[in-house]
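S.K.: heads up, no residue letters with this:
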């Protein structure tokens, strides 16, 4: 069961602060997160489908429903260049 996550708009992500630590410690969970993000990128670019990204900033756990436009080694890129550090993401689907 996913703990309570506050739903936010993607436009407010640019105002958030993110610690450098990873929210996931398990190696398999990190691999799963990477494959989920790759799938989200394909869905975003091919079908323009929105997904839910569950993540944590410096204050609390949050969820955003959005389209993934790109991935770098460290960030998920959303519309208008807004980014979420991959190490702060729990899950996406």
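M.R.: Structure received. These numbers were taken from a predicted model, which means no experiment stands behind them.
S.K.: going by C-alpha atoms from here, please, whenever you check contacts or count neighbours.
M.R.: Fine.
S.K.: who touches stretch 25-37?
M.R.: Contact with stretch 25-37 is made by 24, 71, 76, 89, 90, 91, 92, 93, as judged by C-alpha atoms under 8 Å, 6 or more residues apart in numbering.
S.K.: do that again at 10 Å, thanks
M.R.: The contact list for stretch 25-37, computed with C-alpha atoms under 10 Å, 6 or more residues apart in numbering, reads 22-24, 38-43, 51, 53, 68, 70-71, 76, 86-87, 89-93.
S.K.: generate a ChimeraX selection restricted to the buried subset of those residues.
M.R.: Restricted to buried positions by 16 or more other C-alpha atoms under 10 Å, the ChimeraX selection for those reads:
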select :23,38,40,41,42,43,51,53,68,70,71,76,86,87,89,90,91,92
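S.K.: looking at the contacts of stretch 25-37, which are in helices?
M.R.: Judged by DSSP state H, helices contain the following of the contacts of stretch 25-37: 38, 39, 40, 41, 42.
S.K.: ranges for the strands of this protein?
M.R.: Along the chain, the stretches classed as strands by DSSP state E are 6-7, 51-56, 61-66, 68-71, 75-78, 83-85, 89-92.
S.K.: redo these as TSV? Include mean pLDDT and distance to residue 33.
M.R.: Below are the strands of the chain laid out as TSV (pLDDT from 0 to 100; distance: least, C-alpha to C-alpha, whole Å):
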stretch	mean pLDDT	distance to residue 33
strand 6-7	96	20
strand 51-56	97	10
strand 61-66	97	15
strand 68-71	95	12
strand 75-78	96	12
strand 83-85	98	12
strand 89-92	96	6
